[in-house]
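In: How does the following fold in three dimensions:
(4 chains)
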Protein chains: 4
Amino acid sequence: MGPKHSCGLFGVCSHRKAARMTYIGLYSLQHRGQESAGIVASDGKRFRSIRSMGLVKDCFDDANLGGLVGRLAIGHNRYSTTGSARPTNIQPLVVDLKGVPLAIGHNGNLVNAGDLRKAMQAQGSIFQSSTDSEIFVHLMARSQSDSLSGMIDYAAEHVRGAYCLLAMTKNTIIALRDPNGFRPLCMGRKGNAVVFSSETCGLDVVGASYEREIEPGEMVIATEGEVTSRRFADLKRLSLCVFELIYFSRPDSVVFGLSVDGVRKALGRSLAREQPADADIVISVPDSSNAAALGYSLESGIRLELGLIRNHYVGRTFIYPTSELRHNRVRIKFNPVRELLRGKRVVVVDDSIVRGTTSKKLMQMLRGVGVKEIHVRISSPPIRYPCFYGIDTPTRSELIAANCSLDEIRRFLDVETLGYLSVEGMLGATGRKPNDFCVACFNGDYPVTFTTEPSKLALEKLQS
Amino acid sequence: MGPKHSCGLFGVCSHRKAARMTYIGLYSLQHRGQESAGIVASDGKRFRSIRSMGLVKDCFDDANLGGLVGRLAIGHNRYSTTGSARPTNIQPLVVDLKGVPLAIGHNGNLVNAGDLRKAMQAQGSIFQSSTDSEIFVHLMARSQSDSLSGMIDYAAEHVRGAYCLLAMTKNTIIALRDPNGFRPLCMGRKGNAVVFSSETCGLDVVGASYEREIEPGEMVIATEGEVTSRRFADLKRLSLCVFELIYFSRPDSVVFGLSVDGVRKALGRSLAREQPADADIVISVPDSSNAAALGYSLESGIRLELGLIRNHYVGRTFIYPTSELRHNRVRIKFNPVRELLRGKRVVVVDDSIVRGTTSKKLMQMLRGVGVKEIHVRISSPPIRYPCFYGIDTPTRSELIAANCSLDEIRRFLDVETLGYLSVEGMLGATGRKPNDFCVACFNGDYPVTFTTEPSKLALEKLQS
Amino acid sequence: MGPKHSCGLFGVCSHRKAARMTYIGLYSLQHRGQESAGIVASDGKRFRSIRSMGLVKDCFDDANLGGLVGRLAIGHNRYSTTGSARPTNIQPLVVDLKGVPLAIGHNGNLVNAGDLRKAMQAQGSIFQSSTDSEIFVHLMARSQSDSLSGMIDYAAEHVRGAYCLLAMTKNTIIALRDPNGFRPLCMGRKGNAVVFSSETCGLDVVGASYEREIEPGEMVIATEGEVTSRRFADLKRLSLCVFELIYFSRPDSVVFGLSVDGVRKALGRSLAREQPADADIVISVPDSSNAAALGYSLESGIRLELGLIRNHYVGRTFIYPTSELRHNRVRIKFNPVRELLRGKRVVVVDDSIVRGTTSKKLMQMLRGVGVKEIHVRISSPPIRYPCFYGIDTPTRSELIAANCSLDEIRRFLDVETLGYLSVEGMLGATGRKPNDFCVACFNGDYPVTFTTEPSKLALEKLQS
Amino acid sequence: MGPKHSCGLFGVCSHRKAARMTYIGLYSLQHRGQESAGIVASDGKRFRSIRSMGLVKDCFDDANLGGLVGRLAIGHNRYSTTGSARPTNIQPLVVDLKGVPLAIGHNGNLVNAGDLRKAMQAQGSIFQSSTDSEIFVHLMARSQSDSLSGMIDYAAEHVRGAYCLLAMTKNTIIALRDPNGFRPLCMGRKGNAVVFSSETCGLDVVGASYEREIEPGEMVIATEGEVTSRRFADLKRLSLCVFELIYFSRPDSVVFGLSVDGVRKALGRSLAREQPADADIVISVPDSSNAAALGYSLESGIRLELGLIRNHYVGRTFIYPTSELRHNRVRIKFNPVRELLRGKRVVVVDDSIVRGTTSKKLMQMLRGVGVKEIHVRISSPPIRYPCFYGIDTPTRSELIAANCSLDEIRRFLDVETLGYLSVEGMLGATGRKPNDFCVACFNGDYPVTFTTEPSKLALEKLQS
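Out: Residues are numbered from 1 along each chain as shown, chains lettered A, B, ... in the order given. As a prediction, the model looks like this:
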C-alpha cells in the first residue's frame, strides 16, 4: 500500500537483440512505472523508437519491435507524477543536439528543475515536456564541449537532486548516477554485451550476470568493445532511498547490495519484536507485504495465513462504478477469505500507510467478514514528509501521519491496535550503516536542500 | 501450473446497475477465461450487448458499459479450448429464437456435441460457432414448447456432459446446472436483486450475500420480483470436478460448499504426511500453489519462504523472443530469489504437472541459482487421462504422467525427489464423501460416457 | 441527390491474386455500399475472410490482404438498409452447410424474406443476421440435394424478388441473377481467370475484358479451368432497374448493355426538349448529375458552368454541428461559386428528388449567393412509390412527390420553375424497349408482387 | 495533375463554437494538406488540443471536439513535404514560451530555415520538429520583447521566404502574411467573431462573410471585442503564387482578389486561342482541370465530354498491388468512358505536368480504349524550376520540362500533339498586373533569394 514510484531504466550495448532484450527488461521493471513505455534503438547510423502510453505489453508487439534494429538500445517505464498524463513526457526523450541525435531516459527528481527551466526560458530555450530529462538535455545543449561526456559534465554541475540517467548516441550508452546515490542503477554482462538496469531482476530475465552497481557520482561509458568509467562528481552525503527496500523494488532484486526479500523479512522480524501482538494469525496485504508478514510470523510464532486474495487482472483502467457500488473499490482488488478470517484475531502486516483511505476500507472489509480483532503492523515508520527525490508522495496535508497521532490513525482505521516500526529498527534491519540512507520522508531531514519547494505540478500547466 | 479452464458465468436480475455489476463480477472471474468477454443486458424491451476478444478490462469502458441499460444482464468469460480463437465463439450468444431474443452463456463441455450437431445439420440447421451454447440453442429451437423453460427441458433431455448455463430473455434469467453437477454455479442476493456467479468471489465483489449453490439438475428462474426453482432432470451420479478445488477456483471462493483456501491447505498438509522431505525450506509456485505450500510448511515444520517472484504484468500477448533468448520464457514470469535459495535444500510445492515442460524449466532455473537439492511435491495425483467435461487438458500422448513412471518424471525434471498426493489423500482432504467427485483425469473413470471421443477440434475447421 | 443503394458484388475464380483483385474491384464499386466491406478467399482447402464496418480503404491493408491466400475470392460492399448497422450483417456471409463451408454475397431484396424467415424459425431454424443472404442459405440447408447447384435450385424456387448472388465453396464460384433481372451482374476474363462484378467498371480496374452479363434466371458455375452455365428458372417479366442508369451505376460502366454516361446525356437532352428554360447558364449537382447537365446544355444551347463545388473529403462520419451551425450541412458538401452565379438565371439539373429537404437547402444556398432565377430540372420522373427490390427509398409518407403536386414541390423548393422528365421520355432515352424496365418507383406497377409489405425494419429488432 | 501543396490555416476568435467552426473550416481546406490535422482551442485560461495523423474526418469526432472548449481556436492541415511523416511535425505547434503557452500554425516555406536552425542550435537551442513553425517560435523566444507582437517582430526580421502564420495565446490570435505575399490568407466576420482562413471557401462553410485579405507584411491582432492591425514589414516585391490559381485553391474560393473558377476558365480560353486543336471532343482530367477544359471548349467550340471518371474513394492509403496488377494504379483513380472515347479525336486538358509519369499512364489508358488522336493541352507553362516557397515540387532532375524539349515530352507521352499555355497568356488570363506574381517555377526568377539551396530533407534526418 506504498506510495507510487517514478521510473524504470534499462539499456543494452553491443548485442544484436538489443531492443528485444530491453523489451524483456522493461517487462521486469514494469512495477516501477505503468503510465508509458519507450525504447530507442541505434544501429550506429540512426535511431528508431517506439514510445507509447500504456503498459509494456500494450506498447510493443512483434512487428514494431522488429523495426528497432541495431546493437544499442535504451528503454524507460514511466510513472506519471501528476494526474494529467502527457504523451510528450514519454521517455526516452529523443532530441537533435547540435545536429547529433541523442536519446535520454531519467529516473529520479531534480530539486532545482523549476529554477533551471525558468532561467533557460528567459534566455530563449523552449521546452516541450515537463520532464527532468529535458532540463538535463537543455543544459547539455548549452555546454561549450563537443563531447557527449563533456556536455554531461556541464549539465551535472548544474543539477541537484536524484537522477539515474541512460544517455545514448549513435554508438555510445552512458549510464550515470547522482553523487548522493538516491536511486539504484546496476550493470551486468551477457557475453560481450553490457546491460544496465534499475534493478537486478532486469539482468536475471535477460540472462545477464550481475557485475556491480553504478557508483554514486560515477559515469560508465559503453561502446562496442569497450567500457570505461570515471567519476564526474565528488561523492556527496550517501542518501540511498530506503523505500526502494521497503516497497518499490522487486523482492527478487539485489538493490544497494542488499537482497530486497531478505531486508523485508528482517523488517518483519524487527516489527514483531518492537510491536508484538496477541493474535491467532498473521496476514499480509499482498504482494508487497508478503515478505514482511512472513518475517513477522517467523519471529512471533503466530501462524501465517493467506487471508487476502489479490486480483491481478485489475489494471489502471478499471472503471469504478458510481454511488452504491463504489464501496467495492478495494474489494475488487483484494477479497478476504471469509471462512479463514471469521472470528479470528488477526495481525495485518502492511509496508506503509500514505493517506490511510485505502487501509481504512480494507479494515472495514475485514471487519465485514467477521474478523474479531485487527492488529495493524507497519513494516516502516510513519511517513510524515513528502519526497522530492522521485517518489510520488502526496503533499504533507494529505499524509495521515503528518497530521494525526498514532492513536488518531488507529481510531481512523477503527482497529484494536496499530504499531509502526521505528526508524532505528528499520535501519538496523538493512544491515548497512544507518547514515547510508535518506530517511527524509520519515524525519524531514532532506539530504539535498532546495530554496523553494520543487513544484512538479507547476510544470503541468501547459496542456495535455 | 495446472491445466487451462474454460469459462466464467455471471448474471444479475432486477438491479438498475445490472450490467455494471456483471462487469465487476466478470473481473473477479477473469481467472476462468481470458480469451474473450461479453455482457448482454435487457431493459425488458430489447437486448444490448458488448462482446469482444481480450480481457475484461480491454473489452469494456465507461462509454460502452453506459449503453448496456436495463435491469437484467448476463456475462461470460471465455477461455479458448483450441488455438484458433474465433470471434463468433464469444459468448453470451444472442439469437432470435422464433422471433424472441435469447442470450445464453455456457460453462462446461457436452460430450455428445458432435453427434447432435451433425444430426441437426443433416436436417437443415446452420451453425455459426463451434460452441456448446449454440448446440443447446438449436435444440431449444426444435422444441414444440412455447415457453422458455419448456424449450430448455427439451434441450436438456438431449445433451450429455457438463454444463452450467445462464439463459436470458427480455424479462427472465434462467440458471441451470447439469444433473451430474460437474461445474459450480451459485446464487446470491443484493437487496431485491438476484445474482448468479460461477464462484462466490463474484458475489463478494458486488456486495451480494451468498444464498446457495444451484443444485445439480435444478433450474432457477428469476424474473422481476420472483424467483422460482424446479428440477429439470433426476440427479445423476454426483461428479463434482475436484480440480476446481485444486487449481481453478479462487482461494477466496466457496465452491461445492467448501472453502477453496481451506481445502488447499489441507491438501498441502496431507501431502506433507504422505510425502515428507528432508529439506531446509518450502517454496510455492505462485500463486495457485501458495495455500498448499503453506499447508505443507505448517504440517512439516519446514520454514516457508517466498522463493519465486511472479511478474503479474506478463499477459497472454507476451512476445517470446527467438532463439538465444527463448530459454528465458519461464524466467520472465517467475524469477527466483537467488540470495535466499543458494545452497538450500528446497521443497517446491506445485498443484499439478500436466506436460512437465514448464516444470522442467523452472527446476533448471532453480538449479541455476544454486539450489542444492530439489524435492518436488504435487498437491494432487498424477494426471493420466484427458478431461472431456470442460477442462482444457491436452491429449493422453502429451500428459507426462500418462506416459512416464514416477521415476521417469523425476529424472525428466532432474530433481532429487518427486512425490504426488494419492487419490485417497486428495479426496480425504476435501472433507466430503469421496464418491461426490469426478476423478476421471486421475483414474480414467468417466462418470458420463461417450461413444466416440468428443473432438472439439473438429468443430474448429471452418475458418477464423 | 438520388436514393441510396444497397450493395456491390465482385468475385474472381482462378487467379493467384484473387483477393487483391477483389479488393481493387470493391474499390471501384464503393459507390454501391459504404457501410461495410468483406472479402472471403479460398485456397481449395479452407476459407479466410476479412469483414469490417467502414469503407474498403479502412477495412483492408497490406497485412490483412496478404493473409487472404487462394485462387478464389468473393467480395461485397454493403449499404445499410436501416439506421442500425449491425456487424453480423456484414457480407459475404460464411456458414458451415452440412459440414461444408460456404460463402455468399447478395445484392437486391427478397420480397418474401419475412414470410420465409418466420416459417423456418417455426421449424427450428436460428438466424444470426437480418440479411437476405441468410434466408437463402437456410433454404439451401433444407434442400435434399447434395450438390451446391442443387441446393441453389431449391432455394431459388422459394425466393421472390431481386437478387444477384455470388456463392463460393472451396473450389467453385456460382454467380446467379434473379429471373426478373432487377440488378446488374456481369462477367469478364483476365487470362484464365473469370471475374464477376456488379458493374463493368470493376472489370476495367483489374484489367479484365468484358464478356457478357449474367442472364436473368441464369447460373454461371466457375471452377479452376471450367466455366459452365445453365438456366435455373424460366425468364419472368424483364424488370431492369432504370435507376441503375439514372443514378446508381458509375458513368464509366456499361449496365444492361447500355453506356451509363450515354444514357444520362440522352436523359439530359430529352429533359431539355420536354422542359426548356429561359436561362443564362446550366449547372449540375455534382457528380451524379454531371452528364445529364451536359446533355441539357448541349441540347438547349445554354452554356454549362461549374457552379457547385463538391467537397469529396466529406464522409459518412462528418459530425454535423449543432444549432446555429447546422444550416451549413449542405454547404460543407456543396459550395456555390459566388462570382459565377450572382445575378444569373440558372438551370439546376439534378437526377432525382427523394424527400426534397436537401434540394431545398441547396436552393436556399444558391439564392443566398445572389442567383436571380432558379429553374430546377430533374432527369427522371417524380418518385412516388417506395422500392422493394433493393433500393433504400423511404416510405411513401416521406417521398415528396407522393404527397405534393408539382407546384407544391416548386413552392417548397422556392424556385421559379420546376420540371421533371416524363416516364416515356426517360424510357425513350435508354434506347431499349420500354417494357424491359421496372418503373415501379414512378408508377407503382410492381413487377413482383407481395402479400404483406416487406418490412426490412422488422428484422432489425433483435439488437445491435 | 499538379504538384502537392503544403498547408491550410483556419482560426476563429470570439465565438463559443470556435473549435467546431475550425473543424468545419479545416474540412473545406482539406485539399491543402492531407497528412495530418490539428486544432488548438483556448478558453482564456488554458489550451486544449487535438493533433493527429490523417484526414480531418479521421482526426476528430464528436467526443474529442467536445473537449476543445473556449472562444478561440486555430487549426492546421498539413501536407508532408517529405516521405517520412513525423507525428512531431503535426501543427499547430504548442510551446511554453517563457512560461506563456503559445500555439502556432504555418503555411509556406522559409528559405533560410536551415541557416537559422544551425545558428540557434550552436547556441544551445533544441528542436523537436523539422517545421518552419518551430524556427519561428525559437526566434520569438530569443526576442527581448515581452509582448507577443514584439516577439513576432523580432522573428519576422530574421526569416526570409513564404509564410502565413496564425499565432494564438490565451486571449489573442495574430494572423500575419509575409511581405512578399506568396500564400493567401483572408479574414471574415460572423457576428462578433473574427475568422481567418487560407481561402474564402473556409469562410463560406462556416457562414462568415468575407472581409478582406491579410495584406503582405501585415499583422492582424484579434482579441475578444477588438481587432487591430499594423504593418510589421515594408512591402517587398509582390510575389503572389500563380499556382494557387492554376491548381491549388478550390474553384469556389476567391484568392488574391480573383475568382479561382473564373481564372481557370480564362486560362482554358487563352489556351484554346494559343494552342488550338482539330478534334471531336474536349475532356478534362478531373477535377482540378474541369474549369480549364470548360473554357477550352467554350472558346474552341469543340464539345466538352466527361471522358474520365474519377473514383473519389481512393485515398492515400490505397495499397497498390504488386507486379501484374500495378499498371492499374492510374486506372483505379481515373477510368475512361470507353463507349464515348472509342474512335474519337480528343483534346485532353490538364492543369500541369510535373514528372510526366502519371500523364503517360493516363494517355496509355486512353489509347487502350480506342482513342484515335490525343491532343494534350496544358493550362499553364512548362514547370522547369523547383519551388522553395511552400509547394512540394520535386528536384529539377525530376521535372520533365526541365530536362526535355516540348517534342521530347510529346513523344514520351506518345500523343499526337502537345501544347502549353505561355507565361504571358497565363498572366494575362488572371486580370492582374503580370508583376504581381511569382513565376519562378516557370522561369527561375526567384523573388526571394538564398545562398544555399534550402534543403528541407536535411531536417528529416533525426528519426521517425
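
In: check contacts around residue A:244.
Out: A:183, A:184, A:255, A:256, A:260 (C-beta atoms under 8 Å, 6 or more residues apart in numbering or on different chains). C-betas here are computed from N, CA, C, even on glycine.

In: For it, give me the pLDDT.
Out: The model reports residue A:244 with a pLDDT of 95.

In: what do you get for residue A:5?
Out: Per-residue pLDDT puts residue A:5 at 61.

In: can you list the residues of the stretch 1-150 of chain A near chain C?
Out: The stretch 1-150 of chain A comes close to chain C at no residue, as judged by C-beta under 8 Å from any C-beta of the partner chain.

In: Just the buried residues out of the contacts of residue A:244, in PyMOL syntax.
Out: Only the buried members of the contacts of residue A:244 end up in this PyMOL selection, burial being decided by 16 or more other C-beta atoms under 10 Å in any protein chain shown:
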select buried, chain A and resi 183+184+255+256+260
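
In: For my notes, please list the contacts of residue A:244 in a markdown table and give distance to chain C, secondary structure and pLDDT for each entry.
Out: As requested, these are exported to a markdown table (distance: C-beta to the nearest C-beta, whole Å; DSSP: H, G, I helix; E, B strand; the rest coil; pLDDT from 0 to 100):
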| residue | distance to chain C | secondary structure | pLDDT |
| --- | --- | --- | --- |
| A:183 | 41 | coil | 96 |
| A:184 | 41 | coil | 97 |
| A:255 | 43 | strand | 97 |
| A:256 | 47 | coil | 97 |
| A:260 | 43 | helix | 98 |
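
In: next one: the helix or strand where residue A:374 lies to chain centre, how far?
Out: Using DSSP states H and E, residue A:374 sits in strand A:373-378. Mean-position distance between strand A:373-378 and its chain equals 26 Å (C-alpha atoms, centre = their mean, to the nearest Å).

In: what's the answer for stretch A:63-71, then?
Out: 27 Å.

In: quick one: terminal-to-terminal distance for it?
Out: Terminal residues of stretch A:63-71 lie 18 Å apart, using C-alpha to C-alpha, to the nearest Å.

In: Now residue A:88: phi and psi?
Out: According to degrees, to the nearest 10, the main-chain angles of residue A:88 amount to phi -70, psi -10.

In: give me the number of residues near the closest residue to it other than its chain neighbours?
Out: What sits nearest to residue A:88 in space, not counting adjacent residues and going by C-beta to C-beta, 6 or more residues apart in numbering or on different chains, is residue A:129, at 4.6 Å. Per other C-beta atoms under 10 Å in any protein chain shown, the neighbour tally for residue A:129 reads 20.

In: Model confidence score at residue A:129, please.
Out: pLDDT, read off for residue A:129, is 82.

In: Please apply the same query to residue A:12.
Out: 98.

In: Reduced to three states, what does it come out as?
Out: Secondary structure state of residue A:12, per DSSP: H, G, I helix; E, B strand; the rest coil, is strand.

In: I'd say it and residue A:21 touch.
Out: Yes. Because the distance of 4.8 Å satisfies C-beta atoms under 8 Å, residue A:12 is recorded as touching residue A:21.

In: Could you tell me which residues touch both of these two?
Out: Counting by C-beta under 8 Å, 6+ apart, the common neighbours of residue A:12 and residue A:21 are A:73, A:193, A:195, A:206.

In: Would you mind pulling the contact partners of the least confident helix or strand in chain A by mean pLDDT?
Out: For chain A, using mean pLDDT, DSSP states H and E, the weakest element among its helices and strands is helix A:329-333, scoring a mean of 86. Contacts with helix A:329-333, where a contact means C-beta under 8 Å, 6+ apart, come from A:310-311, A:314, A:318, A:320, A:358, A:361-362, A:365, B:24, B:27-28, B:204-205, B:207.

In: In strands, which of those residues fall?
Out: residue A:310 (DSSP state E).

In: out of the contacts of helix A:329-333, who's nearest chain C?
Out: Proximity of those to chain C (C-beta to the nearest C-beta) peaks at residue B:24, which lies at 22.6 Å.

In: that older thread, pull out the buried residues from the helix or strand following the strand holding residue A:374.
Out: Next in sequence after strand A:373-378, counting helices and strands by DSSP H and E, comes helix A:400-403. Buried residues in helix A:400-403, defined by neighbour count with 16+ other C-beta under 10 Å: A:400, A:401, A:402.

In: Next, please give the residue ranges for the strands of the stretch 101-250 of chain A.
Out: A:161-168, A:172-177, A:186-190, A:193-197, A:209-213, A:218-223, A:226-231, A:240-241 (DSSP state E, counting those that start in this stretch).

In: Where does the nearest residue to residue A:68 once chain neighbours are set aside sit, in terms of helix or strand?
Out: The spatially closest residue to residue A:68, leaving aside those adjacent along the chain, is residue A:19, at 3.5 Å (C-beta to C-beta, 6+ apart). Assigned by DSSP H and E, residue A:19 belongs to helix A:18-28.

In: That helix packs against which elements?
Out: strand A:7-13, strand A:36-42, helix A:56-59, helix A:62-66, strand A:72-78, strand A:193-197, helix A:200-205, helix B:329-333 (3 or more C-beta pairs under 8 Å, 6 or more residues apart in numbering or on different chains; DSSP states H and E).

In: and these, which is most packed in?
Out: Among the helices and strands packed on helix A:18-28, the stretch with the highest mean neighbour count (mean count of other C-beta atoms under 10 Å in any protein chain shown) is strand A:72-78, at a mean of 32.

In: the inter-axis angle of that one versus strand A:218-223?
Out: Here strand A:72-78 runs at an angle of 130 degrees relative to strand A:218-223 (axes from the mean of the first three to the mean of the last three C-alpha atoms, to 10 degrees).

In: Pairing partners for strand A:72-78, with directions?
Out: Paired neighbours of strand A:72-78 in the sheet (DSSP bridges): strand A:7-13 (antiparallel), strand A:36-42 (antiparallel).

In: what's the next secondary structure element after that strand?
Out: Following strand A:72-78 in sequence, per DSSP H and E, is strand A:93-97.

In: that older thread, among the shared contacts of residue A:12 and residue A:21, which one sits closest to residue C:374?
Out: Using C-beta to C-beta, residue A:73 is the member of the shared contacts of residue A:12 and residue A:21 that lies nearest residue C:374, at 67.2 Å.

In: Contact partners for that closest one?
Out: A:11, A:12, A:18, A:19, A:21, A:22, A:39, A:40, A:41, A:42, A:168.

In: how close does residue A:407 sit to chain C?
Out: Separation of residue A:407 from chain C (C-beta to the nearest C-beta, to the nearest Å): 57 Å.

In: And the helix or strand harbouring that residue, what does it pack against?
Out: In this structure, residue A:407 sits in helix A:406-413 according to DSSP H and E. Helix A:406-413 is packed against helix A:357-368, strand A:373-378, helix A:400-403, strand A:417-420, with contacts defined by 3+ C-beta pairs under 8 Å, 6+ apart.

In: does residue A:10 have beta-bridge partners, and which?
Out: Residue A:10 has these beta-bridge partners by DSSP bridges: residue A:75, residue A:197.

In: Settle this for me: it is touching residue A:198, isn't it.
Out: Yes. Shown here, residue A:10 and residue A:198 form a contact pair, counting by C-beta under 8 Å, at 7.1 Å.

In: what sits in contact with each of the two?
Out: residue A:29.

In: ok, now which ones touch residue A:286?
Out: With contact set as C-beta under 8 Å, 6+ apart, residue A:286 has these partners: A:306, A:308, A:309, A:310, A:334.

In: Dump these into JSON lines; add pLDDT as well.
Out: Converted to JSON lines, these look like this (pLDDT from 0 to 100):
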{"residue": "A:306", "pLDDT": "98"}
{"residue": "A:308", "pLDDT": "97"}
{"residue": "A:309", "pLDDT": "96"}
{"residue": "A:310", "pLDDT": "94"}
{"residue": "A:334", "pLDDT": "94"}
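
In: Check those residues for burial and list the buried ones.
Out: A:306, A:308, A:309, A:310, A:334.

In: any idea which of those is the one closest to residue B:153?
Out: Relative to residue B:153, the closest of the buried ones among the contacts of residue A:286 is residue A:309; by C-beta to C-beta it sits at 38.3 Å.

In: Before I go, just wanted to say thanks for your time.
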